[in-house]
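J.: sequence unknown, structure follows:
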């Protein structure tokens, strides 16, 4: 991700910012620039889909919406929590654990909406957005395949418990159960 960010000319990454404190021989601005690759000229000249320039942001706002939907789909599909009506039936520690997971999931959902909004407002390069959307969708597909196809629970035939009852008082007892009483 950081190398793709450097190839698009965006030197505002967290790794560049953190490593600028480590290199003391240069000022932080030149240290951040020295960590990135040179801008790849083909990203500006050759486009993809309906984007002629992959270094520019998406002016239509379609990619941030797709990114938000992709991450939301990943979170909602992969992060299972129990419904609220089942929580009182759990033990106290398990109930607190499930409430914490539910709150954390809600926080991640809000953070996902912020990521989509911030990527539109800050005009994140289209190349990074396409990479991020593709990566998220492949991770979601991989999670679905592993959950449904590979690690699916083995189902056994259920044992049906059957009872013998004599409904009429005059019926013959084929098992001679009256003699056992």
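T.: That came in fine, so what should we check first? The structure displayed is predicted, hence computed values, not measured ones.
J.: thought residue 68 was touching residue 116?
T.: Yes - counting by C-beta atoms under 8 Å, residue 68 touches residue 116, with 3.1 Å between them. Bear in mind the C-beta positions are built from the backbone N, C-alpha and C, glycine included.
J.: so where is this structure shaky, pLDDT-wise?
T.: For the chain, residues meeting the criterion pLDDT under 70 lie at 1-45, 47-50, 154, 162-181.
J.: Buried residues in the top helix by length along it, which are they?
T.: The longest helix of the chain (DSSP state H) is helix 92-121. By neighbour count with 16 or more other C-beta atoms under 10 Å, helix 92-121 contains the buried residues 98, 102, 109, 112, 115-116, 119-120.
J.: how near is residue 138 to residue 54?
T.: 19 Å (C-beta to C-beta, to the nearest Å).
J.: Can you pick out the residue with more neighbours from those two?
T.: Neighbours were tallied for residue 138 and for residue 54 using other C-beta atoms under 10 Å; the higher tally belongs to residue 54 (23 against 11).
J.: Validate this expectation: that one resides in a strand.
T.: No - going by DSSP: H, G, I helix; E, B strand; the rest coil, the assignment for residue 54 is coil, not a strand.
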